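1. A predicted structure for the sequence below; I have some questions about it.
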Amino acid sequence: MAPPGPAGAHPASAEPLSRSIFRKFLLMLCSLLTSLYVFYCLAERCQSLAGPAVRPSGGGDEAGAPGHGALAGGPRELAVWPAAAHRKRLLQLRQWRGRRPPAPRDDGEEAAWEEEPPGLAGGPGGSGAGSSVAEAPPGTLALLLDEGSKQLPQAIIIGVKKGGTRALLEFLRVHPDVRAVGAEPHFFDRSYDKGLAWYRDLMPRTLEGQITMEKTPSYFVTREAPARISAMSKDTKLIVVVRDPVTRAISDYTQTLSKRPDIPTFESLTFKNRTTGLIDTSWSAIQIGIYAKHLEHWLRHFPIGQMLFVSGERLISDPAGELGRVQDFLGLKRIITDKHFYFNKTKGFPCLKKAEGSSKPHCLGKTKGRTHPEIDREVVRRLREFYRPFNLKFYQMTGQDFGWDG
Ligand SMILES: Nc1ncnc2c1ncn2[C@@H]1O[C@H](COP(=O)(O)OS(=O)(=O)O)[C@@H](OP(=O)(O)O)[C@H]1O
């Protein structure tokens with residue numbers, strides 16, 4: 001039997017024992033919480049920062065920018081919005097996992113933009129940014145995923161065909177507070193009878209504060225579209241990307257020609273009567289460019305202030321400038337700036353340093369920026385003459401001179 005200790009020894013030694021157990025318990029709890037936190041941070045970092053943290057920047061203006069080191073090669077502004085970008089990334093991933101066949105799209109549209117899973121650029125040279133998320137334990141993902149909900153669009157790019165609508169949408173999608181459906185839904189022109197629930201179901205999930213968008217360029221010339229969109233919501237913001245109607249017509253023709261090489265020449269389709277120089281305004285390639293006429297229909301249902309007219313030409317020469325206007329119009333923080341773009345000499349167009357949900361530079365596909373056939377100069381001159389009064393009317397209506405007639 002152990003010799004009894006001094007009086008009061010038992011209570012005194014019992015207390016440190018329970019304290020030490022408690023301390024151990026606390027220590028274990030702390031290390032458990034720390035490892036959970038580290039795991040969470042790693043998972044988050046893998047998705048949002050992998051790639052750009054090490055890739056050299058395409059443009060020189062970020063170099064040496066204060067407080068910018070962690071995102072060298074990526075937009076500084078995104079660092080200010082990590083939570084928003086992260087939430088968006090999770091929603092994209094979820095959407096892609098549960099994706100269904102895409103909605104009908106315009107013939108000229110690029111499948112690549114719609115089909116590639118966000119951030120899961122799996123091809124050679126892919127960042128692997130997405131795969132780290134995809135491989136994260138499902139339980140963790142389920143914890144992190146905020147489901148969001150599908151909303152009807154608050155803003156729509158309604159036109160114009162061949163104006164630069166795909167470029168605008170893809171540029172806008174970089175914004176953490178913009179979520180857009182990739183394919184063209186064609187709801188207000190071709191599928192209206194399917195109902196708003198069908199339309200809403202096409203939309204991506206959004207969280208509070210995020211804007212849902214879509215683009216269908218044919219809406220601008222669809223007679224029923226203004227009333228239908230207004231019936232969905234009078235507050236819908238409408239964006240129209242316009243381009244010199246003559247180049248737009250040639251671009252439109254070039255697209256048709258790429259699918260049906262046996263169509264008549266541009267010149268023969270332009271004129272009802274070549275000798276009198278009478279233009280065939282029933283040819284859609286010509287008709288779409290009479291912007292003032294189409295706009296009249298929209299103004300019966302929407303105030304001009306609810307419409308934004310983006311210059312298709314400036315979208316190429318100064319994408320960040322046009323995107324600034326669009327972000328203001330949508331009430332978004334100006335996050336997309338010139339740091340997001342670089343000029344790709346091979347493509348001949350501005351491209352994104354990082355596409356939405358990816359860390360790779362991205363240009364639009366080969367159906368965007370096609371080489372146009374040479375058109376007879378006299379035909380171009382006649383077309384310019386034809387469009388001039390409509391253009392001037394359009395400048396008046398919008399309060400903007402797009403410079404097509406200068
Ligand atoms: N950054 C960038 N990259 C490539 N192309 C660009 C870009 N910005 C604007 N554009 C111009 O967009 C024209 C296609 O317009 P849309 O996207 O509206 O076409 S469509 O109606 O959806 O088929 C397309 O017309 P074409 O040049 O005739 O092919 C381009 O001139």
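-> Cool, got the structure. Numbering: from 1, shown residues only.
2. tell me the helix or strand right after the helix or strand hosting residue 248.
-> Assigned by DSSP states H and E, residue 248 belongs to helix 245-259. As assigned by DSSP H and E, the chain's next helix or strand after helix 245-259 is helix 266-270.
3. so is that next one next to the ligand?
-> No: contact of helix 266-270 with the ligand (C-beta under 6 Å from any ligand atom) is absent, the minimum separation being 12.9 Å. For glycine as for every other residue, the C-beta is placed from the backbone atoms N, C-alpha and C.
4. helix or strand right after that helix?
-> Using DSSP H and E, the first helix or strand after helix 266-270 is strand 271-273.
5. can you pull the buried residues of that following strand?
-> Going by neighbour count (16 or more other C-beta atoms under 10 Å), the buried part of strand 271-273 is residue 271.
6. sheet partners, orientation included, of it?
-> Strand 271-273 has the following sheet partners, assigned by DSSP bridges: strand 278-279 (antiparallel).
7. same question for the partner strand, mean pLDDT?
-> Regarding strand 278-279, the rounded mean pLDDT is 96.
8. how far away is residue 202 from residue 392?
-> 38 Å (C-beta to C-beta, to the nearest Å).
9. between the two, who's got more neighbours?
-> The neighbour count for residue 202 versus residue 392, taken as other C-beta atoms under 10 Å, is higher for residue 202 (18 against 14).
10. the more buried one contacts residue 181, doesn't it?
-> Yes: counting by C-beta atoms under 8 Å, residue 202 touches residue 181, with 5.5 Å between them.
11. what's the neighbour count on the residue lying closest to residue 220 once chain neighbours are set aside?
-> Counting by C-beta to C-beta, 6 or more residues apart in numbering, the nearest residue to residue 220 once its immediate chain neighbours are dropped is residue 159, at 2.6 Å. Neighbourhood size, residue 159 [other C-beta under 10 Å]: 27.
12. go on, residue 401?
-> There are 14 residues near residue 401, going by other C-beta under 10 Å.
13. report the contact partners of it.
-> The contact partners of residue 401, taken as C-beta atoms under 8 Å, 6 or more residues apart in numbering, are residue 395.
14. that one and residue 265: what is the separation?
-> Where residue 265 is concerned, residue 401 sits at a distance of 32 Å (C-beta to C-beta).
15. and stretch 303-320, end to end?
-> 26 Å (C-alpha to C-alpha, to the nearest Å).
16. check stretch 161-174 too.
-> Per C-alpha to C-alpha, stretch 161-174 runs 22 Å from first to last residue.
17. what is the mean pLDDT for that stretch?
-> pLDDT averaged over stretch 161-174 gives 98.
18. go on, stretch 192-210?
-> Stretch 192-210 comes out at a mean pLDDT of 98.
19. keeping just the C-alphas, turn that stretch into PDB.
-> Output of stretch 192-210 as PDB, limited to C-alpha atoms (Å, rounded to 0.1, in the frame of the first residue of the first chain):
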ATOM      1  CA  TYR A 192     -42.200  31.400 -75.900                       C
ATOM      2  CA  ASP A 193     -45.000  28.800 -75.800                       C
ATOM      3  CA  LYS A 194     -42.800  26.700 -73.400                       C
ATOM      4  CA  GLY A 195     -43.500  29.200 -70.700                       C
ATOM      5  CA  LEU A 196     -41.400  31.100 -68.200                       C
ATOM      6  CA  ALA A 197     -40.800  28.100 -65.900                       C
ATOM      7  CA  TRP A 198     -39.000  26.400 -68.800                       C
ATOM      8  CA  TYR A 199     -37.000  29.500 -69.500                       C
ATOM      9  CA  ARG A 200     -36.000  30.000 -65.900                       C
ATOM     10  CA  ASP A 201     -34.900  26.400 -65.700                       C
ATOM     11  CA  LEU A 202     -32.300  27.100 -68.500                       C
ATOM     12  CA  MET A 203     -30.700  29.700 -66.300                       C
ATOM     13  CA  PRO A 204     -27.700  29.100 -64.100                       C
ATOM     14  CA  ARG A 205     -28.000  29.200 -60.300                       C
ATOM     15  CA  THR A 206     -27.300  32.500 -58.700                       C
ATOM     16  CA  LEU A 207     -26.700  33.700 -55.200                       C
ATOM     17  CA  GLU A 208     -28.200  36.900 -53.800                       C
ATOM     18  CA  GLY A 209     -26.600  40.000 -55.500                       C
ATOM     19  CA  GLN A 210     -25.700  38.100 -58.600                       C
END
